[in-house]
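Colleague: got a predicted structure here, sequence first:
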Amino acid sequence: MLSLALLTYALLFSSVVRGQTTPPTNGEIDSTCKQIAATVSNASEVFFPPSPEYTADNAHALASSSAASTCSVEPGSAQDIGAILRIINSTRTPFAVKSGGHATNPGFSSTRGVQISMARFRNITVNSTTNTVEVGPGLTWDEVYTTLESAGVIVIGGRIPGVGVAGLLLGAGYSYKSSQFGLEIDNIVGIEVVLPNGTFTTVTSEDEDLWFALRGGMNNFGIVTKFTLKSHPQGQVWGGTLLYSPDQLDAFNQAFSKFTQNNDTKAAAVGELTYASQAVSPGVVVFYDAPTPPAGLFDDLLAIPTVSSDVSTRSFADFVLSTNSTNPPPSLRGFTSGVPLTQYTPAILNVIANETLFWGNKLTPLGANVSIVTALEPFDSGVFSHGSDSAFPPDRSHALFPSAIGYAWSNASLDETMAQSLRESTDAAHAAALAEGQNVSDASPYINYALFDTPVELLYGENLPRLRAIKKEIDPEDVMGLAGGFKV
């Protein structure tokens, strides 16, 4: 449990920003935008409303994650990012950095100040000699996979279309291939980053502190301009989505629980429990990293009668693109909350289903377009064993399944109601896991699923003092504190 002293310290630390006693006015932020425009090179550009570039730079996957910035800037070089950060620091202007815009927490990649869009950093360079791929943060993972198809290689990245490269990598990142190769951060070879003081450098495993901090440390240590990732040979895969009717819930719980006990690291699945029309419908995305899975591995899931199925042998890119239906419409609002678990027993799956049904019945009468989807994400027991110590996860001694409860709705007046319901549902699932004997009493939720008010003490655990020391050394003026997110 977190002590009152720790929580008080965290609140005090996060509220102190050097030299910022009152927020800058709109006029002052506008002046900062114009100063940036006058300073950056021709490789970069500043946009104001209502230009289409400004609109695209501010757009997010969910309406609740977007904000109307004073201006947006699309830097085209690391040098220009350095200049932008120096101006932002001198004026103490709030800012945000957006890669793909898939963050579900308000203000984490959006701002009323200066919106930095990494849209111009879209390079993909394959090096067959070093077995690496250089990837720009302005890309989405499905774009990366589609480009790499012709080269016959893959990198360890996101699982659904539209997710940006940088946000997922800086938050550690899970992949359909994580049971084989570890977290996404375990497959990073180098990180080109502009530091808070405006200088830029390439960080590798030889740079002990920044290497530790950037892998899972989110946006606390600078702005990344390039990732160099390990590449792996990639042929065709088997997979797709199976959707079932509500009356198959018990059968699904049994089959999914059984699947999670397999030891085949080429196999993966993401289960879904979706509330609709006063019932919970199960579904699952199945994946095998070969054209055909071994006999018996997915048989129980395949034996359940389906409402729809698109499982086939296909390219990896086509497989990922086929899961686009899991993304809510961008007009909706939404939050997620992470529930770390060590196993999916039929009993815990039943608890999660009952929570989904309870909150669905309670919340849907409050407004239009309310939906609840819980994602169930098992991995091999050695998923954390593939990499070295990193900011996240704080404990690599045993695997955690990064389950996510996701809410979506239309009416902004319901934001706090939805957030509180998420907290209560998360607590109920956590309590059920503890009662079952799961080792999750102080388990860190997956940082990319954590609700916006999750304490950083819980996210980073015993790593937090080291992260704060690194932050103080490389960002003594707390430039990155002017951006939203989980602040160390």
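Modeller: Looks like it arrived, so ask away. Residues are numbered from 1 along each chain as shown.
Colleague: how far away is the residue in the chain sticking out farthest from the centre from residue 431?
Modeller: Using C-alpha atoms, centre = their mean, the residue of the chain lying farthest from its centre is residue 38. It sits 34.0 Å away. Plainly put, residue 38 is 56 Å away from residue 431 if you go by C-beta to C-beta, to the nearest Å. To be clear about C-beta, it is placed using only N, CA and C from the backbone, and glycine gets the same treatment.
Colleague: could you do residue 283 as well?
Modeller: When C-beta to C-beta is applied, the distance between residue 283 and residue 431 equals 26 Å.
Colleague: also residue 25?
Modeller: When distances are taken as C-beta to C-beta, residue 25 and residue 431 turn out to be 46 Å apart.
Colleague: again with residue 91
Modeller: Taking C-beta to C-beta as the measure, residue 91 and residue 431 are separated by 47 Å.
Colleague: re earlier: of residue 283 and residue 431, who's got more company?
Modeller: Summary of the neighbour comparison: residue 283 and residue 431, criterion other C-beta atoms under 10 Å, with residue 283 having more neighbours (21 against 11).
Colleague: which phi and psi does that one have?
Modeller: Backbone dihedrals for residue 283, given as degrees, to the nearest 10, come out at phi -160, psi 170.
Colleague: same thing with the one 10 residues further on?
Modeller: Here the main-chain torsion angles of residue 293 (degrees, to the nearest 10) amount to phi -80, psi 160.
Colleague: quick one, what contacts the closest residue in space to it that isn't next to it in sequence?
Modeller: Closest residue in space to residue 293, ignoring its immediate chain neighbours: residue 238 at 5.5 Å, by C-beta to C-beta, 6 or more residues apart in numbering. With contacts defined as C-beta atoms under 8 Å, 6 or more residues apart in numbering, residue 238 is in contact with 286-288, 290-293, 311-314.
Colleague: and which of those is nearest to residue 459?
Modeller: When these are compared for distance to residue 459, the smallest value, 27.6 Å, is given by residue 287; criterion: C-beta to C-beta.
Colleague: wait, isn't that closest one in contact with residue 239?
Modeller: Yes: under the criterion of C-beta atoms under 8 Å, residue 287 makes contact with residue 239 at 4.0 Å.
Colleague: what sits in contact with each of the two?
Modeller: Common contact partners of residue 287 and residue 239 (C-beta under 8 Å, 6+ apart): 176, 319.
Colleague: what count of nearby residues applies to the nearest residue to residue 131 once chain neighbours are set aside?
Modeller: Across the structure, with C-beta to C-beta, 6+ apart as the measure, the residue nearest residue 131 apart from its sequence neighbours is residue 231 (5.1 Å). Neighbourhood size, residue 231 [other C-beta under 10 Å]: 22.
Colleague: wait, residue 231 sits on residue 133?
Modeller: Yes: shown here, residue 231 and residue 133 form a contact pair, counting by C-beta under 8 Å, at 4.9 Å.
Colleague: which residues are in contact with each of these two?
Modeller: Common contact partners of residue 231 and residue 133 (C-beta under 8 Å, 6+ apart): 126-127, 148, 153, 155.
Colleague: buried members of those into ChimeraX, please.
Modeller: To isolate the buried subset of the shared contacts of residue 231 and residue 133 in ChimeraX, counting by 16 or more other C-beta atoms under 10 Å, use the following:
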select :126,148,153,155
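Colleague: among the shared contacts of residue 231 and residue 133, which are in helices?
Modeller: residue 148 (DSSP state H).
Colleague: on that earlier part again, and of the contacts of residue 238, the nearest to residue 435?
Modeller: residue 286 (29.7 Å).
Colleague: would that closest one count as being in a strand?
Modeller: Yes: with DSSP: H, G, I helix; E, B strand; the rest coil as the criterion, residue 286 is part of a strand.
Colleague: of the contacts of residue 238, buried ones?
Modeller: When neighbours are counted using 16+ other C-beta under 10 Å, the contacts of residue 238 contain these buried positions: 286-288, 293, 311, 313-314.
Colleague: which pair in these spans the largest distance?
Modeller: Using C-beta to C-beta, the buried ones among the contacts of residue 238 reach their maximum pairwise distance at 293 and 314, which is 13.3 Å.
Colleague: checking the residue lying closest to residue 376 once chain neighbours are set aside next. Helix, strand or coil?
Modeller: Beyond its immediate neighbours in the sequence, the residue positioned closest to residue 376 (C-beta to C-beta, 6+ apart) is residue 271, lying 3.5 Å away. Here residue 271 takes the strand state, with states given by three-state DSSP.
Colleague: same thing with residue 336?
Modeller: Three-state assignment for residue 336 (three-state DSSP): strand.
Colleague: does it touch residue 104 like I think?
Modeller: Yes: with contact defined as C-beta under 8 Å, residue 336 and residue 104 form a contacting pair (4.8 Å).
Colleague: which residue, other than its chain neighbours, is closest to residue 357?
Modeller: residue 280 (5.1 Å).
Colleague: what's the pLDDT at residue 220?
Modeller: According to the predicted model, the pLDDT of residue 220 comes to 97.
Colleague: meant to ask about residue 326, not that
Modeller: Reading off the confidence values, residue 326 has pLDDT 56.
Colleague: repeat for residue 189
Modeller: Per-residue pLDDT puts residue 189 at 98.
Colleague: assumed it was part of a helix.
Modeller: No: membership of residue 189 in a helix is not supported by three-state DSSP, which gives strand.
Colleague: give me the number of residues near it?
Modeller: For residue 189, the neighbour count with other C-beta under 10 Å is 17.
Colleague: in space, what's closest to it - neighbours in sequence excluded?
Modeller: residue 228 (4.5 Å).
Colleague: looks like that neighbour contacts residue 126 (just checking).
Modeller: No: with contacts defined as C-beta under 8 Å, residue 228 does not count as touching residue 126, sitting 11.2 Å away.
Colleague: using TSV, lay out the buried ones among the contacts of residue 238 together with distance to residue 175 and pLDDT.
Modeller: Putting the buried ones among the contacts of residue 238 into TSV (distance: C-beta to C-beta, whole Å; pLDDT from 0 to 100) gives the following:
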residue	distance to residue 175	pLDDT
286	15	98
287	10	98
288	14	98
293	18	97
311	19	97
313	20	98
314	17	97
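Colleague: reformat the residues you listed as CSV; add distance to residue 118.
Modeller: Formatted as CSV, those follow (distance: C-beta to C-beta, whole Å):
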residue, distance to residue 118
286, 33
287, 29
288, 33
293, 37
311, 35
313, 35
314, 30
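Colleague: identify, from those, the entry nearest to residue 484.
Modeller: Proximity to residue 484 was ranked across these by C-beta to C-beta; first place goes to residue 287, at 33.1 Å.
Colleague: for the closest one, give me its contacts.
Modeller: Applying C-beta under 8 Å, 6+ apart as the definition, the contact partners of residue 287 turn out to be 176, 237-239, 267-269, 319.
Colleague: which other residues reach the helix or strand hosting residue 72?
Modeller: For residue 72, the enclosing helix or strand under DSSP states H and E is strand 71-74. When contacts are taken as C-beta under 8 Å, 6+ apart, the neighbours of strand 71-74 outside the stretch itself are 29-30, 33, 36-37, 40, 44-48, 53-54, 57-58, 84, 114-120.
Colleague: let's see which of these end up in helices.
Modeller: With DSSP H as the criterion, helices contain 29-30, 33, 36-37, 53-54, 57-58, 84 from among the contacts of strand 71-74.
Colleague: out of these, which end up buried?
Modeller: Using 16+ other C-beta under 10 Å as the burial test, these include 29, 33, 36, 53-54, 57-58, 84 as buried.
Colleague: that concludes my questions; thank you for your assistance.
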